[in-house]
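Student: here is a sequence together with a model predicted from it:
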Amino acid sequence: MKTKSNLIIISIFLIDFFTKKWILNNYEIFDSIKIFPMIKITYIRNYGIALGLFQSYSNLIRILIIVISIFILLFIFYMKNLCKDLLSNLGYSIIIGGSFGNIFDRIFYGSVIDFIDIYIYKWHFPVFNFADISIFIGFLILIYNKKIFIVNT
């Protein structure tokens with residue numbers, strides 16, 4: 001099970017990495033291109049946290065966000081290693097892969113690269129990326145399995 005979960009973590013990270021690399025190589029900041037009804041590729045940088053909170057804070061706060069993110073990631077690793085069931089392990093692995101992607105961005109780019117823009121008329125959901133989708137799906141799996149932060153004994 002450990003090999004499969006590591007493969008999931010690495011796969012999620014690499015998909016996230018290469019989609020962001022493609023955006024960086026092909027788009028300028030704030031470029032926005034409609035690809036489907038209600039879906040655009042809109043290249044932005046998120047200097048804050050989820051949903052764009054704390055965007056305008058100092059570099060010290062940004063460093064603090066990285067440190068806190070790493071501690072949360074270590075805790076999720078710990079919880080994953082305590083899990084015995086396959087579905088919870090899958091959920092944690094998907095979360096870890098996505099978390100690595102966003103932490104990588106913060107460390108190497110100084111912000112998270114976001115580009116998936118979903119909208120209905122003039123209402124736009126905050127722009128996000130593949131790592132964000134992965135983290136969300138991982139949490140949904142844990143909630144469905146009722147194992148979020150609960151250890152099997």
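Tutor: Yes, it's here. Because the structure is predicted, anything quoted here is derived from the model rather than measured. Residues are numbered from 1 along each chain as shown.
Student: can you pull out the strands in the protein?
Tutor: 32-36, 39-46, 112-120, 123-124 (DSSP state E).
Student: export the ones you listed to TSV and tack on mean pLDDT, mean neighbour count and distance to Leu90?
Tutor: To be clear about C-beta, it is placed using only N, CA and C from the backbone, and glycine gets the same treatment. Below are the strands of the chain laid out as TSV (pLDDT from 0 to 100; neighbours: other CB atoms under 10 Å; distance: least, CB to CB, whole Å):
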stretch	mean pLDDT	mean neighbour count	distance to Leu90
strand 32-36	96	11	28
strand 39-46	96	18	26
strand 112-120	96	19	22
strand 123-124	89	10	31
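Student: of all those, which one is nearest Asp85?
Tutor: Of all the strands of the chain, strand 112-120 sits nearest to Asp85, with 30.7 Å by CB to CB.
Student: what's the closest one in contact with?
Tutor: The contact list for strand 112-120, computed with CB atoms under 8 Å, 6 or more residues apart in numbering, reads 19-20, 23-24, 27, 32, 38-46, 102, 105-106, 124-133.
Student: between it and strand 32-36, what angle do the directions make?
Tutor: Calculated by axes from the mean of the first three to the mean of the last three CA atoms, to 10 degrees, strand 112-120 forms an angle of 50 degrees with strand 32-36.
Student: could you dump strand 112-120 to CSV, C-alpha only?
Tutor: The C-alpha trace of strand 112-120 is given here as CSV (Å, rounded to 0.1, in the frame of the first residue of the first chain):
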residue,chain,number,x,y,z
VAL,A,112,0.8,29.9,-5.7
ILE,A,113,0.1,29.7,-9.5
ASP,A,114,-3.7,29.6,-10.0
PHE,A,115,-5.4,29.4,-13.4
ILE,A,116,-8.8,27.5,-13.3
ASP,A,117,-11.5,30.2,-13.4
ILE,A,118,-15.1,28.9,-13.0
TYR,A,119,-17.9,31.5,-13.4
ILE,A,120,-21.6,31.9,-13.8
